[in-house]
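1. Dropping the sequence and predicted coords here.
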Amino acid sequence: MNTEDREILCSLIRDHEDTVGSSRVAMMALKAFIESIKQVRCSVEEVRELYSELSEAIKNTEPKVIPLIHLIEEFENEISDAPDETIDQIKDKAIQILEEKHHKLITKTGKVIEHGLTCINEGDVIIVHTISYDVTNMLKLARETLQKTFKVIVLKQDLAKTRRLIKSLSAAGIDMEIVPEYSLSHYIEQGNKVFMGALSITDDMKVVSAIGSANVVSLCHLSNLPVYLFANTLKFSHRPSSQQRIHRKVESKTHGDISYQLTTHSHDTVDLKHVDFLVTEDGIRDKAAIAAWIQSSPGNREKSLSTENNRPMRQS
């Protein structure tokens with residue numbers, strides 16, 4: 001895969017993650033991988049090279065999509081390299097493994113949503129600054145299936161990011177108010193909790209999340225408004241936030257007689273210590289449990305997470 005193809009792949013994954021969230025984009029990427037295997041026509045040697053190239057490209061996107069990387073690493077560990085296998089046997093085995101990874105992600109996501117539903121109560125006013133697949137579906141289920149009555153204050157980012165969330169909540173009949181994220185200070189007293197998602201949670205206890213999250217969480221923390229973070233354990237990285245390859249973009253802008261370089265980033269980092277409740281597929285950790293986990297040694301955290309995911313984690 002040449003440099004241009006890698007950049008296109010990075011852009012596709014980044015743009016989709018920006019609008020549907022990391023869990024959903026990981027599901028889409030796995031399905032796309034499966035379809036590409038079905039359609040490829042090549043020799044045994046070539047297909048192994050193609051697997052390797054695509055896997056390496058996925059593991060080096062900007063930013064890193066940690067749940068997808070973990071699943072691809074599992075795929076690499078489990079795919080056979082027996083020399084006597086035919087091309088059809090290799091393809092069938094690869095498809096089977098990827099289908100299992102897809103199911104694993106769906107299961108973990110479903111359990112996060114299940115636990116998250118207990119975080120939504122009658123009369124809640126929930127401030128939402130995420131387009132997370134988990135959070136969106138959780139809110140819809142709480143209204144449509146459990147018939148809970150609550151209000152959502154949507155912090156509008158750019159319309160491309162917020163459009164899908166607004167349409168989904170509106171279709172579910174959820175009472176909502178859309179406000180610019182920079183106007184949160186005018187609405188902070190109306191809310192009683194904040195929901196956010198994550199691209200990853202890093203080894204140095206940072207949450208890589210949607211751009212603007214750092215400001216939102218800081219204000220909520222100062223205002224004693226509880227922050228709920230929803231993230232399955234595949235999103236836990238064993239590397240620090242500095243190695244998550246957050247995308248940095250520099251654009252030339254001209255407005256009238258002013259020209260300048262505008263620098264933007266794809267994601268923010270937030271201190272995990274500012275999160276009040278961490279919701280994973282294993283349950284809900286309160287602030288005390290989060291604090292105890294942060295204070296534990298990195299080795300113990302790594303052992304805990306490896307146990308939760310039932311496998312060794314490597315570079316992600």
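-> Received the coordinates, thanks.
2. make it CA atoms for all contacts and neighbour counts henceforth
-> Noted.
3. so for stretch 238-246, what's the average pLDDT?
-> The average pLDDT within stretch 238-246 is 85.
4. First-to-last residue distance for it?
-> End-to-end span of stretch 238-246 (C-alpha to C-alpha, to the nearest Å): 16 Å.
5. buried ones in it?
-> Across stretch 238-246, burial judged by 16 or more other C-alpha atoms under 10 Å covers 238-239, 241, 244, 246.
6. which stretches of the stretch 201-316 of the chain have low pLDDT?
-> 296-316 (pLDDT under 70).
7. same thing but 80
-> Counting by pLDDT under 80, the stretch 201-316 of the chain contains low-confidence residues at 293-316.
8. Show me where it has its strands.
-> 206-210, 227-230, 248-255, 258-265, 267-271, 277-280, 283-285 (DSSP state E, counting those that start in this stretch).
9. Show me what the fourth one pairs with in its sheet, parallel or antiparallel.
-> Read that as strand 258-265. Strand 258-265 pairs in its sheet with strand 248-255 (antiparallel), by DSSP bridges.
10. CA atoms of the partner strand as PDB?
-> Taking Å, rounded to 0.1, in the frame of the first residue of the first chain, the C-alpha atoms of strand 248-255 are listed here in PDB:
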ATOM      1  CA  ARG A 248      -3.100  17.800  13.300                       C
ATOM      2  CA  LYS A 249      -4.200  19.800  10.300                       C
ATOM      3  CA  VAL A 250      -2.800  23.100   9.000                       C
ATOM      4  CA  GLU A 251      -4.900  25.100   6.600                       C
ATOM      5  CA  SER A 252      -4.300  28.400   4.800                       C
ATOM      6  CA  LYS A 253      -7.100  30.800   5.400                       C
ATOM      7  CA  THR A 254      -7.900  34.200   3.800                       C
ATOM      8  CA  HIS A 255     -10.600  36.600   5.000                       C
END
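11. quick one: it to strand 267-271, angle?
-> Orientation check (axes from the mean of the first three to the mean of the last three C-alpha atoms, to 10 degrees): strand 248-255 against strand 267-271 gives 120 degrees.
12. mind checking how far strand 248-255 is from the chain centre?
-> Offset of strand 248-255 from its chain centre (C-alpha atoms, centre = their mean, to the nearest Å): 27 Å.
13. residues of that strand that come out buried?
-> Buried positions in strand 248-255, judged by neighbour count with 16+ other C-alpha under 10 Å: none.
14. now stretch 166-182
-> Using 16+ other C-alpha under 10 Å as the test for burial, stretch 166-182 gives 166, 169, 172, 174, 176, 181.
15. Same question for stretch 24-44.
-> 24-31, 33-34, 37, 44.
16. Please apply the same query to stretch 216-234.
-> Buried-residue list, stretch 216-234, by 16+ other C-alpha under 10 Å: 216-217, 220-221, 225-234.
17. First-to-last residue distance for stretch 246-259?
-> Start-to-end, stretch 246-259 (C-alpha to C-alpha) is 26 Å.
18. same deal with stretch 113-122?
-> Stretch 113-122 end-to-end distance (C-alpha to C-alpha) = 17 Å.
19. How far away from the center of its chain is it?
-> 19 Å.
20. Run through who's touching that stretch.
-> Applying C-alpha atoms under 8 Å, 6 or more residues apart in numbering, the contact partners of stretch 113-122 are 134-135, 137-139, 141-142, 148-150, 230, 279-281, 283-284.
21. Could you export the strands of the stretch 201-316 of the chain as TSV, including distance to residue 197?
-> As requested, those are exported to TSV (distance: least, C-alpha to C-alpha, whole Å):
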stretch	distance to residue 197
strand 206-210	7
strand 227-230	5
strand 248-255	21
strand 258-265	17
strand 267-271	11
strand 277-280	10
strand 283-285	14
